[in-house]
Each structure stands twice: as structure tokens, then as C-alpha cells.
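Trainee: based on what follows, work out the 3D shape:
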Amino acid sequence: MSLCVLTGSGHDELFQLVSSRIGYPTGSKHLRSTRFSNGETFVSIDTSVRNADVFIMQTASHPVNDMLIELLIAINACKIASARRITAVIPCFPYARQDKKARSRAPITAKLIANMLESAGCNHVITMDLHASQIQGFFNIPVDKYLFAEKTMIEYIRKHFAHDDLVVVSPDAGGAKRAATIADQLQVDLAIIHKERKVANHVSRMILVGSVSGKTAVLVDDIADTCGTLALASTVLKEHGAKQCTAIVTHGFLSGPSVKVIDESNLDRLVVSNTLPLPEHARSCSKIEQMDISHTLAEAIRRTHNGESISILFS
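Mentor: Now for the predicted structure:
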């Protein structure tokens, strides 16, 4: 099968990096998206996909609903144009936080997204750092969710921090496994913050488990949205004697007043990957940096196309 890489309008900078890393021509996007006057999305594909191994790259950037519809239309267009296989490459999976029914009449939207992708004609999904592993079970098609930003995080930590006084911290119990894996590979101490919520997006109390006194604390998480949790966590760590506090996060939504929250927090630095484009209001913040994960996505695409193992990248 011939390789065909199509890029959506969600994050052109990342998609150009991925395309160049796999040696795919970046001069033309091949996939064009326009809006009708009533807001409907129209997608056209400028290259033949007949019998091709098609990879469509799209992420959950703003506005997320428009990006999702664009992806679904592109998948369906390739399906009825006789593509041999269609793989959706979604660095940040949309609606991943709505993965369970937490209360009566609450939707499981991540399952709905899985159904929509399959109905559109998707044969395979590649994504990074799913918020909840059970989302993989929502699909009846292969899902490579073992693309973790952990390897890039570890390389960043090794490059920028001394190991003798380092402690890796999880800002909640749900991320303890991720933090433990990173701490084990770095052979440093681990601490966990237990947080209690009374309402969504609002943390009422935080309890630290572990010692951070006199150490450099590195918070690791999968999502930075309003950044309230990270700000409170940095305060707790500084109150317990941490001499420096940095947060490293995979998906940086950075919505609402997040940049102001980071600026006014005890965080010395927030590092986010480029699974999402950095919002304009965050580019001017001296505390916020980006790390590149395009090499991981590019290698996943190359290995999938050639029928090679992906899990070996992280074993």
C-alpha cells in the first residue's frame, strides 16, 4: 500500500514536523477545509487515496467540535474514495475526560466519540496519553494508546535537573502510576498529592504523601486546563519545603485564566508538549515552555505503515 498523510487544520505546526520526520512531502496539505455561511464544514481531498494507507492527523484544538467534525468528514471521504486503510492520528483525544458515568443522566461522551469514528470509517486510531485507559475498550478497532510522552518527559528532566535532590510528584491519585514509572526510570523519590473536589474543576483540599523538603519537585500530569490544580499543588509543595517546583504536562489546553493562574502561582516553570498548539495568550508567558513530541508520532506512523511493533518503542 502507498502511504498517504493528510493533515487537518487543528495544529499545522506539529503536523508539518511529523510529515518532515517521516519524509513525507509537506508542500501541500492535500486536505482542505472550508466553512459555509451557515457554519457547516466542507472537506475536500486534493490527492488520490484509492488503495492507499491513509493517515489523517487531527487534534483536539480550539474549537474542538469543529476539529472533530472535520476529522469525521475526512475519514468518511477517504472511505468512500476506496482507501485501503484509514488511521486517525489524534495526539490529544477529544472528550477524553468524559470517560465514565459519574452521576445520574451523565453522558459517556468518550464512548460516543469512539462510535462516531468507527461509523465514519476509521480502521485504526493512534493517540497519546489517554486520560483514562478504559477508553481503549470503547473501540472495536485497534487503538494504539501506548504513545506516552513519558520518554520525552524523562529526557527533559535529565537534561534540565540534577538527580541528587529530585522528587517526582503526582498531583492526584489517578496519575500515580505515570509518576511512579517516571520516578523508577530516573531512580528518584516519588510523592503523591491527594485532592478532594466538591464540584468539577474546583479542588477543595490537598494532602501531600511523601517528602519534598529541600528538594526540586517535578509535577507530572496529562492535562493542564485551568491550571488550578497545578497552582494549588505548587503551593502545597512549597509549604512542605520544596526549593523549586516545575510542572511537566502532556496536553496543555491552557483555557480561561490559566496563564494568569500560572503567573501568580508558586510554579517556577510549566512545560507542555506540542500535542496542542500553544494558545496566543500563553506565548508571552515566561513561565511556559513547550517540548516536542513529533518524533514519537512520526515513528508510530512509520512503524504502523510498515507493519512493525510500536510497543517496542517504550519497552
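
Trainee: other SSEs contacting the strand or helix carrying residue 18?
Mentor: Using DSSP states H and E, residue 18 falls within helix 12-21. For helix 12-21, the packing partners by 3 or more C-beta pairs under 8 Å, 6 or more residues apart in numbering; DSSP states H and E come out as strand 2-7, strand 52-57, helix 294-306. For glycine as for every other residue, the C-beta is placed from the backbone atoms N, C-alpha and C.

Trainee: just so I know, which of these lies nearest residue 13?
Mentor: helix 294-306 (9.2 Å; C-beta to C-beta).

Trainee: how far does the closest one sit from the chain's center?
Mentor: Chain-centre distance of helix 294-306: 16 Å, with C-alpha atoms, centre = their mean, to the nearest Å.

Trainee: what comes up buried for that helix?
Mentor: The neighbour-count check on helix 294-306 (16 or more other C-beta atoms under 10 Å) flags 294, 296-305 as buried.

Trainee: in TSV: the residues you listed, plus distance to residue 16 and pLDDT.
Mentor: Shown next, in TSV, are the buried residues of helix 294-306 (distance: C-beta to C-beta, whole Å; pLDDT from 0 to 100):
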residue	distance to residue 16	pLDDT
294	9	93
296	16	90
297	12	92
298	11	93
299	16	92
300	17	92
301	14	94
302	16	94
303	20	93
304	20	94
305	19	95
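
Trainee: and these, which is closest to residue 129?
Mentor: Using C-beta to C-beta, the buried residues of helix 294-306 come closest to residue 129 at residue 296, 10.4 Å.

Trainee: now do that closest one against residue 266, distance only.
Mentor: As judged by C-beta to C-beta, to the nearest Å, residue 296 and residue 266 stand 31 Å apart.

Trainee: do a quick rundown of the helices in the stretch 201-315 of the chain.
Mentor: Assigned by DSSP state H, counting those that start in this stretch, the stretch 201-315 of the chain shows helices spanning 228-239, 258-264, 280-283, 294-306.

Trainee: between those helices, which one is nearest to residue 10?
Mentor: So among the helices of the stretch 201-315 of the chain, helix 294-306 is nearest, using C-beta to C-beta, at 13.0 Å.

Trainee: the longest helix in the chain is where?
Mentor: Using DSSP state H to define each element, the chain has its longest helix at helix 64-80.

Trainee: export that one as PDB, just CAs?
Mentor: Presented in PDB, the C-alpha positions along helix 64-80 are these (Å, rounded to 0.1, in the frame of the first residue of the first chain):
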ATOM      1  CA  VAL A  64     -12.700  21.200  19.400                       C
ATOM      2  CA  ASN A  65     -16.200  20.400  17.900                       C
ATOM      3  CA  ASP A  66     -15.200  21.900  14.500                       C
ATOM      4  CA  MET A  67     -11.900  19.900  14.600                       C
ATOM      5  CA  LEU A  68     -13.800  16.700  15.400                       C
ATOM      6  CA  ILE A  69     -16.300  17.200  12.600                       C
ATOM      7  CA  GLU A  70     -13.600  18.000  10.100                       C
ATOM      8  CA  LEU A  71     -11.800  14.700  11.100                       C
ATOM      9  CA  LEU A  72     -15.000  12.600  10.800                       C
ATOM     10  CA  ILE A  73     -15.800  14.100   7.400                       C
ATOM     11  CA  ALA A  74     -12.300  13.500   6.100                       C
ATOM     12  CA  ILE A  75     -12.400   9.900   7.300                       C
ATOM     13  CA  ASN A  76     -15.700   9.300   5.600                       C
ATOM     14  CA  ALA A  77     -14.500  11.000   2.400                       C
ATOM     15  CA  CYS A  78     -11.500   8.600   2.300                       C
ATOM     16  CA  LYS A  79     -13.700   5.600   3.000                       C
ATOM     17  CA  ILE A  80     -16.000   6.300   0.000                       C
END
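
Trainee: quick one: least confident helix or strand in the protein?
Mentor: Least confident helix or strand, the chain: strand 143-147 with a mean of 73, by mean pLDDT, DSSP states H and E.

Trainee: quick check: what element follows that strand along the chain?
Mentor: helix 150-160.

Trainee: what's the offset of whichever helix or strand comes after that next one from the middle of its chain?
Mentor: Downstream of helix 150-160, the first helix or strand assigned by DSSP H and E is strand 166-170. How far strand 166-170 lies from its chain's middle: 20 Å, per C-alpha atoms, centre = their mean.

Trainee: helices or strands up against strand 166-170?
Mentor: Going by 3+ C-beta pairs under 8 Å, 6+ apart, strand 166-170 lies up against helix 176-186, strand 189-199, strand 216-224.

Trainee: list the strands paired with the last one, with their directions.
Mentor: In other words, strand 216-224. strand 166-170 (parallel), strand 244-252 (parallel) (DSSP bridges).

Trainee: thank you, goodbye.
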